[in-house]
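**Student:** Return atomic coordinates for the entry below.
(one chain, ligands or ions: 2)
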Amino acid sequence: MKIKIYTSTLLLTFFVIGCTESSKKSELVNKDPSSIVVKGESVANLTAPPLVPDPVGTREATKLIVNMEILEEEGEMTDGVKYVYWTFGGSVPGSFIRTRVGDEVEFHLKNHPDNKLPHNIDLHAVTGPGGGATSSFVAPGHEKVFNFKVLNEGLYVYHCATAPVGMHIANGMYGLILVEPEGGLPPVDKEYYVMQGDFYTKGEYGEPGTQPFDMNKAVNEDADYVVFNGKVGSLTGDNAITAEVGETVRLYVGNGGPNLVSSFHVIGEIFDNVYIEGGNSINKNVQTTLVPAGGSAIVEFKVDVPGTFILVDHSIFRAFNKGALGMLKVEGPDNKTIYSGTVQEGIYLPEGTSNQEMPTQGNESAETGKANSIEESIELGRQIYIRTCFACHQSEGQGIPNAFPPLAKSDFLNANPNRAIGTVLNGLTGEIEVNGVKYNSIMTKQNLTDEEVANVLNYVYSQWGNNKTEVKPNSVKSIREATDH
Ligand code: HEC
Ligand SMILES: [Cu+2]
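**Tutor:** Ligands and ions are numbered 1, 2, ... in the order given. So this is what the prediction gives:
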C-alpha cells in the first residue's frame with residue numbers, strides 16, 4: 001500500500017511540473033514579435049567602425065528611423081594606394097545599425113547627388129522580398145523609404161544588391177545590423193565592430209596610385225587585399241581597439257566578402273562565448289570561428305593579461321601579406337600565473353649534436369657563415385634573409401604597412417649601420433620613424449653569429465636602393481660585446 005501511495009504522489013508531481021513547463025513554452029510561442037506594439041519614435045544613432053551605438057537596454061520597441069546616405073568616395077587602401085569606395089554612410093563597412101526585436105524600422109536610403117550609380121540595400125534582418133532591395137533601388141540625387149518590422153534577433157549583414165552585385169559588394173557596400181532581444185544582450189565592458197572584406201585591384205598588393213577594381217581577379221577570387229574595416233591598418237597602431245585587464249570584450253564580427261570565408265581568430269585569446277553565425281546558439285571556449293561571406297559571429301572574451309592581441313583571418317597569408325590583421329591593446333597589471341613571459345632563455349643542445357658547433361676556422365663558407373669576399377657575403381646573406389627576415393620585412397624589403405618597416409631605401413637603416421647591427425643582435429622596440437612613417441612594434445632578437453649578422457646586413461645594404469654599406473664581422477663582434485650584459 002505504502003508503495004502505491006508513493007507512486008501516485010510521484011505521478012502527481014510529474015504532472016504539475018509538466019504543466020508548468022508547457023505553459024512557459026506557450027507563453028514564449030505566443031510572444032509573436034510581429035504583434036509587439038511599438039511606443040514612440042526615435043532616430044537611430046549610427047556609428048562608423050570600430051564603434052557601435054549604445055545598447056538598447058530595457059527600452060521598449062519603437063518606431064526607429066534610419067537615415068542612411070550612400071557615398072562614393074576615394075579612400076586609402078594602404079599607404080600610397082588609393083581606392084574609390086562605394087559606402088553606406090561614408091565608411092567601410094557601412095554604419096552600424098542597432099535595433100531590438102519588435103522595432104518598426106523606417107529606412108531612408110539616400111543616394112548622394114555626386115554619386116555616379118544607382119544602388120539599393122538588402123538587409124539580412126528583413127523578412128520580405130530581396131531583404132528590402134526591390135523597394136530601395138535609388139538613383140543618384142534621390143531617396144527611397146521603406147518600412148520593416150524587426151522579427152528575429154541576431155547579428156545580420158546588409159549589402160548593396162544592385163547589378164553587378166559582386167562589384168558593388170567588392171567596392172565596400174556592406175555593413176552590420178544588430179537586433180537585440182527584449183531587455184538587450186548581457187552587458188559587457190567594451191564592444192567593437194569589425195568586418196572583413198576582400199578587394200581586387202588592377203595592381204598587385206601595395207602597388208601605388210589609384211587602383212581600379214579588377215573584375216577578372218574578383219571572378220577568380222584572387223584577392224589582392226583581405227582587410228578588416230576596409231583598409232590595411234584600420235585596426236593597428238594608433239587605430240588599435242583597446243581594453244583594460246579584467247574587462248569583457250564583445251566583438252561584432254561580420255564578413256562582407258564578396259568571396260572569401262573568414263577564419264576569425266585573436267592571437268593570444270580564447271573566445272569564452274561565440275554566438276555562432278550571429279544567431280542564438282552559444283559555443284564556449286572557441287579558438288577560431290568561421291564567418292561566412294554574407295554572415296557574422298558575435299565573440300566575447302575576458303582579457304586577463306596586458307599586451308597586444310592580434311586579430312587575424314587565420315588563413316594566415318591573408319593576415320601577413322594581404323592586410324587581414326588588427327590589434328587589441330590591453331593595458332593593466334601583469335598576472336604571472338596566467339602568463340609568465342619568458343622565464344628563461346638558454347642554449348638548446350640535443351644529445352649528439354655537439355659536432356654542429358660553429359667551427360672557428362675553415363673555408364666551408366656555407367657552413368661557417370664566413371665569407372671570403374663581399375659577393376660571397378651578400379649571397380650568404382640572401383639565404384639568411386629568406387630564412388629569417390623575409391616573413392616580416394617581405395621579399396623586396398618593402399615591409400608591411402603599419403606593422404613591419406621597410407628595409408628598402410630605409411633612411412633609418414642607411415643612416416646608422418651600427419644601430420642596424422644592434423637591431424639584428426638585440427631586437428628593437430619602441431617608436432621609430434622610417435621614411436617619414438612611424439612604427440611602434442617589436443622586432444625580436446635574432447639568434448645569428450657575428451658572420452651571419454654581417455652577411456645578412458651586407459645583403460640588405462646591397463639591395464633595393466640602399467647605400468651599399470659593408471658590414472664586417474668584427475664590427476658586429478664589438479657591438480655584441482658592448483651591448484652584452
Ligand atoms: C618577427 C618580425 C621581424 C623579423 C623576423 C625581423 N624583423 Fe626587423 N623589424 C621588425 C619590426 C616590427 C621592426 C620595428 C621595431 C620598432 O617599431 O621598434 C623592425 C625593424 C628593423 C630595422 C630598423 C628599421 C628599418 O626599417 O630600417 C632593421 C634594420 C631590421 N628590422 C632588420 C632586420 C633584419 C636584417 C632581419 C633578419 C635578420 C629582421 N629585421 C627580422 C620585425 C622583424
Ligand atoms: Cu551599390
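
**Student:** This protein against ligand 1: which residues are in contact?
**Tutor:** Contacts of the chain with ligand 1, taken as CB under 6 Å from any ligand atom, map to 388-389, 391-393, 404-407, 410, 412-413, 420, 423-424, 428-430, 432, 434, 439-444, 446, 456, 460. Any C-beta I mention is one placed from the backbone N, CA and C, and that applies to glycine too.

**Student:** for the longest strand seen in the chain, packing partners?
**Tutor:** For the chain, the longest strand by residue count, based on DSSP state E, is strand 63-78. Here strand 63-78 touches strand 41-43, strand 81-88, strand 104-111, strand 225-228, going by 3 or more CB pairs under 8 Å, 6 or more residues apart in numbering; DSSP states H and E.

**Student:** Next, the buried residues of the last one.
**Tutor:** Residues of strand 225-228 classed as buried by neighbour count (16 or more other CB atoms under 10 Å): 225-228.

**Student:** Counting by contacts, list what that strand packs against.
**Tutor:** strand 63-78, strand 190-199.

**Student:** and the longest one, C-alpha only, in CSV?
**Tutor:** Spelled out, that is strand 63-78. Coordinates of each C-alpha in strand 63-78 appear next as CSV, following Å, rounded to 0.1, in the frame of the first residue of the first chain:
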residue,chain,number,x,y,z
LYS,A,63,9.5,53.2,-34.5
LEU,A,64,13.1,53.6,-35.4
ILE,A,65,14.1,56.0,-38.3
VAL,A,66,17.3,55.0,-40.0
ASN,A,67,18.9,57.6,-42.3
MET,A,68,21.5,56.0,-44.5
GLU,A,69,23.4,58.0,-47.0
ILE,A,70,25.3,56.3,-49.9
LEU,A,71,28.6,58.0,-50.7
GLU,A,72,31.1,57.0,-53.5
GLU,A,73,34.4,58.4,-52.4
GLU,A,74,38.1,57.9,-52.7
GLY,A,75,39.9,56.5,-49.7
GLU,A,76,43.2,54.9,-48.8
MET,A,77,43.6,51.1,-49.1
THR,A,78,47.1,51.3,-47.6
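
**Student:** Would you indicate which residues of that strand are buried?
**Tutor:** Those would be 64, 66, 68-72, 75-78, for strand 63-78 by 16+ other CB under 10 Å.

**Student:** next one: that strand to chain centre, how far?
**Tutor:** Offset of strand 63-78 from its chain centre (CA atoms, centre = their mean, to the nearest Å): 20 Å.

**Student:** Please apply the same query to stretch 319-334.
**Tutor:** Using CA atoms, centre = their mean, the offset of stretch 319-334 from its chain centre is 8 Å.

**Student:** And stretch 120-140, by the same measure?
**Tutor:** With CA atoms, centre = their mean, you get 28 Å for stretch 120-140.

**Student:** Just to check, Glu182 is in contact with Gly102?
**Tutor:** Yes: between Glu182 and Gly102 there is a contact under CB atoms under 8 Å: 7.1 Å.

**Student:** any common contacting residues for the two?
**Tutor:** Ala61 (CB atoms under 8 Å, 6 or more residues apart in numbering).

**Student:** Neighbour count: the two, which is higher?
**Tutor:** Gly102 (24 against 16; other CB atoms under 10 Å).

**Student:** Now do the contacts for the more buried one.
**Tutor:** By CB under 8 Å, 6+ apart, the neighbours of Gly102 are 33, 36, 38, 60-61, 149-150, 182.

**Student:** go again using 7 Å as the cut-off
**Tutor:** Neighbour list for Gly102: 33, 36, 38, 61, 150 [criterion: CB atoms under 7 Å, 6 or more residues apart in numbering].

**Student:** From those residues, pick the one nearest Arg250.
**Tutor:** Val150 (20.0 Å; CB to CB).

**Student:** got the residues of the protein near ligand 2?
**Tutor:** 119, 160, 162, 168, 173 (CB under 5 Å from the ion).

**Student:** ok, the second one - how many residues close by?
**Tutor:** Residues near Cys160, counting by other CB under 10 Å, number 27.

**Student:** What are the phi and psi values at it?
**Tutor:** Note on Cys160: backbone dihedrals following degrees, to the nearest 10 are phi -80, psi 140.

**Student:** Let me see the domain layout of this protein.
**Tutor:** 41-331, 365-483 (automatic domain parsing).

**Student:** got the end-to-end distance for the first one?
**Tutor:** Here the two ends of domain 41-331 are set 40 Å apart, with distance taken as CA to CA, to the nearest Å.

**Student:** quick one on the thing from earlier: mind checking which of the residues of the chain next to ligand 1 are in helices?
**Tutor:** Among the residues of the chain next to ligand 1, the members found in helices (DSSP state H) are 391-393, 412-413, 420, 423-424, 456, 460.

**Student:** gap between Gly233 and Ala319?
**Tutor:** Gly233 is 12 Å from Ala319, where distance means CB to CB, to the nearest Å.

**Student:** typed the wrong thing, it's Glu300
**Tutor:** 22 Å.

**Student:** of those two, who's got more company?
**Tutor:** The neighbour comparison of Glu300 against Ala319 (other CB under 10 Å) goes to Ala319, with 23 against 18.

**Student:** quick check, the more buried one in a helix?
**Tutor:** Yes: Ala319 sits within a helix when classified using DSSP: H, G, I helix; E, B strand; the rest coil.

**Student:** now the residue in the stretch 151-300 of the chain that ligand 1 sits nearest to: how far from Pro401?
**Tutor:** Residue of the stretch 151-300 of the chain nearest ligand 1, by CB to the nearest ligand atom: Gly237 (9.7 Å). Separation of Gly237 from Pro401 (CB to CB): 10 Å.

**Student:** out of those two, which sits in the more crowded spot?
**Tutor:** Higher neighbour count among Gly237 and Pro401: Pro401, with 23 against 16, using other CB under 10 Å.

**Student:** Hmm, Lys231 and the more buried one touching each other?
**Tutor:** No: if you go by CB atoms under 7 Å, Pro401 and Lys231 don't touch, sitting 9.5 Å apart.

**Student:** low-confidence ranges in the protein?
**Tutor:** Within the chain, the stretches with pLDDT under 70 are 1-30, 345-368, 484-485.

**Student:** circling back: output the helices and strands packed on strand 225-228 in CSV; the columns should cover distance to Glu269.
**Tutor:** Shown next, in CSV, are those (distance: least, CB to CB, whole Å):
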stretch, distance to Glu269
strand 63-78, 26
strand 190-199, 13
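
**Student:** follow-up on the earlier one: what's the closest of the buried residues of strand 63-78 to ligand 2?
**Tutor:** Ile70 (7.0 Å; CB to the ion).

**Student:** from memory that closest one sits against Pro113, does it?
**Tutor:** No: counting by CB under 7 Å, Ile70 sits too far from Pro113 to count as a contact (10.8 Å).

**Student:** Separate out the buried members of the residues of the chain next to ligand 1.
**Tutor:** Judged by 16+ other CB under 10 Å, buried ones among the residues of the chain next to ligand 1: 388-389, 392-393, 404-407, 410, 412-413, 420, 423-424, 428, 432, 434, 439, 441, 443, 446, 456, 460.

**Student:** one step back: intersection of neighbour lists for Pro401 and Lys231?
**Tutor:** With CB under 7 Å, 6+ apart as the test, Pro401 and Lys231 both reach Thr78.

**Student:** thinking again about what came up before, next, the angle strand 190-199 makes with the longest strand of the chain.
**Tutor:** 60 degrees (axes from the mean of the first three to the mean of the last three CA atoms, to 10 degrees).

**Student:** Mind listing residues that contact stretch 37-50?
**Tutor:** In contact with stretch 37-50 (CB under 7 Å, 6+ apart) are residues 53, 60-67, 89-91, 93, 95-97, 102-104, 192-195, 229, 235, 241.
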